[in-house]
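Undergrad: Curious how this folds, go ahead:
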Amino acid sequence: MTNRKNLSSLKISIIGLGLIGGSIAKSIKQNFPSIEISAFDIPEVFEKALSEGVINSALSEIEMTADADIIFLALPTNLSLKALSTLAPALKESTILTDVSGVKSVFHQRWDEVKQKGIFIGGHPMTGKENGGYANSDQLLFENAVYILTRKEKTSNIDILISLLESLGARIIFLTPEEHDRVVASVSHLPQLIAVSLINSLPEEQTIHLAAGGFRDITRIASSAFNIWEPVIQNNKIEILNALERFEHQIKTIKTAIINDDVKALQEAFENAAAVRDEIPKNSKGFIRQLYDLLVYVNDEPGVLAKLTNALFEEGINIKDIELLKIREGTGGTFRLSFEYPNEKTRAALVIIKLGYKITSSS
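TA: Sure, this is the predicted structure:
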């Protein structure tokens, strides 16, 4: 396997500095400051990345990435496909081209269709956040995250890509493109559509104000942008439809059991689901990270929220979400403060208690 010294001399190009591309750049720079990173994006994005020292140079055209050792395609799916077609004939024989999209078969098909040089390895980091863009990119995004690589046949000379990704904290898994698309249709694409459907199936608008934490958590990904998902759905249509059929069957089974007062069938469904869910690895990230919540009771007085947020800011603690859950005018209310990491939640709790506020719950 490639050593760190060899990695330090790499030339990396990243096409698209959004959530994933920006996080790749930040993580590489954090781990290997000497690696030369060039990037293609709109001026306001690459200027920000340049000013932060995340990239070394900005590229005005995609073709300018062709002499890099490794190129990451990190644009939305359809634009990454277009960039693949543009770059494939211009690559060096030794250049590794990889993408980060949520579908894989279509990329391998396109690679086979175009006149190409270099090496193509499909990539899909199984991690993410609710909100995209460079502003939300994170150097720790890949820490302990599953990172799927796809190839149609045994490919040589990719140890350097594997070593680079593992140095970012990722856990590498190899699948065929077809296996990838079948798996993610069930564990990523279907949950996205279910979250959207749950929100859209609410019987009336005021119902949302009664939704508790559980509903909020399982529908968190419903906030995802459609322009990101549209090409994913289009390019994995068959596998998504298969996943939807399996889900429809489960819904019909539960509906029938309720109609027939079949308590045994319902119990079996619940117990089977619990058993299977317990097998999901607890130490790896998913597409949307779990947030860690504190419920804080405060008195109804001016400036309370500002006092809380300023104190946390001064300690370098980032609040990912704030929600006012309950309030009684003249008495007080409860805020839900959400944090990205467990240690941030723990540190925040100490700051809040020191301020004299009461933490009523922690999750």
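
Undergrad: From residue 140, how far out is the residue most central in space within the chain?
TA: Residue closest to the average C-alpha location in the chain (CA atoms, centre = their mean): residue 128, at 1.1 Å. Separation of residue 128 from residue 140 (CB to CB, to the nearest Å): 13 Å. Every residue, glycine included, has its C-beta placed from N, CA and C.

Undergrad: Check residue 248 too.
TA: Relative to residue 140, residue 248 is positioned 38 Å away (CB to CB).

Undergrad: So between those two, which is more surrounded?
TA: residue 140 (17 against 10; other CB atoms under 10 Å).

Undergrad: That one: what secondary structure?
TA: The three-state label given to residue 140 by DSSP: H, G, I helix; E, B strand; the rest coil is coil.

Undergrad: what's downstream of the helix or strand of the chain with the lowest mean pLDDT, the next helix or strand?
TA: Counting by mean pLDDT, DSSP states H and E, the chain has its least confident helix or strand at strand 321-328, which shows a mean of 70. For strand 321-328, the succeeding helix or strand toward the C-terminus, using DSSP states H and E, is strand 332-339.

Undergrad: For the residue nearest to residue 215 when sequence neighbours are not counted, which residues are in contact?
TA: Excluding the flanking residues, the one nearest residue 215 by CB to CB, 6 or more residues apart in numbering is residue 198, at 7.6 Å. Applying CB atoms under 8 Å, 6 or more residues apart in numbering, we find residue 198 in contact with 215, 218, 219, 222.

Undergrad: For residue 334, state which of these is nearest.
TA: Of all the contacts of residue 198, residue 215 has the smallest distance to residue 334: 17.5 Å, by CB to CB.

Undergrad: ok, now how distant is the closest one from residue 76?
TA: 29 Å.

Undergrad: What's the local residue count around residue 33?
TA: Neighbour tally, residue 33, other CB under 10 Å: 9.

Undergrad: One more: residue 221?
TA: Using other CB under 10 Å, residue 221 is surrounded by 20 other residues.

Undergrad: right, and it touches residue 191 too?
TA: Yes. With contact defined as CB atoms under 8 Å, residue 221 and residue 191 form a contacting pair (6.7 Å).

Undergrad: on that earlier part again, for the strand or helix carrying the residue nearest to residue 215, what is the average pLDDT?
TA: Assigned by DSSP H and E, residue 198 belongs to helix 190-200. Average pLDDT, helix 190-200: 94.

Undergrad: before we move on, what about stretch 249-256?
TA: 96.

Undergrad: May I have the distance across stretch 7-22, first residue to last?
TA: By CA to CA, to the nearest Å, the extent of stretch 7-22 from end to end equals 19 Å.

Undergrad: ok, now stretch 42-61?
TA: One end of stretch 42-61 to the other measures 11 Å (CA to CA).

Undergrad: What are the buried residues along it?
TA: 45, 46, 48, 49, 54, 55, 56, 58, 59 (16 or more other CB atoms under 10 Å).

Undergrad: Pull the contacting residues for the third one.
TA: By that I understand residue 48. Counting by CB under 8 Å, 6+ apart, residue 48 makes contact with residue 134.

Undergrad: if I look at residue 51, how far off is residue 44?
TA: Distance, residue 51 to residue 44, by CB to CB: 11 Å.

Undergrad: residues contacting residue 38?
TA: Residue 38 makes contacts with 11, 12, 13, 14, 55, 56, 57, 58, 59, 64, 65, 68, as judged by CB under 8 Å, 6+ apart.

Undergrad: Need these in JSON lines (columns: secondary structure and distance to residue 335).
TA: Formatted as JSON lines, these follow (DSSP: H, G, I helix; E, B strand; the rest coil; distance: CB to CB, whole Å):
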{"residue": "11", "secondary structure": "strand", "distance to residue 335": "47"}
{"residue": "12", "secondary structure": "strand", "distance to residue 335": "42"}
{"residue": "13", "secondary structure": "strand", "distance to residue 335": "44"}
{"residue": "14", "secondary structure": "strand", "distance to residue 335": "38"}
{"residue": "55", "secondary structure": "coil", "distance to residue 335": "38"}
{"residue": "56", "secondary structure": "coil", "distance to residue 335": "42"}
{"residue": "57", "secondary structure": "strand", "distance to residue 335": "44"}
{"residue": "58", "secondary structure": "strand", "distance to residue 335": "41"}
{"residue": "59", "secondary structure": "strand", "distance to residue 335": "44"}
{"residue": "64", "secondary structure": "helix", "distance to residue 335": "48"}
{"residue": "65", "secondary structure": "helix", "distance to residue 335": "46"}
{"residue": "68", "secondary structure": "coil", "distance to residue 335": "47"}
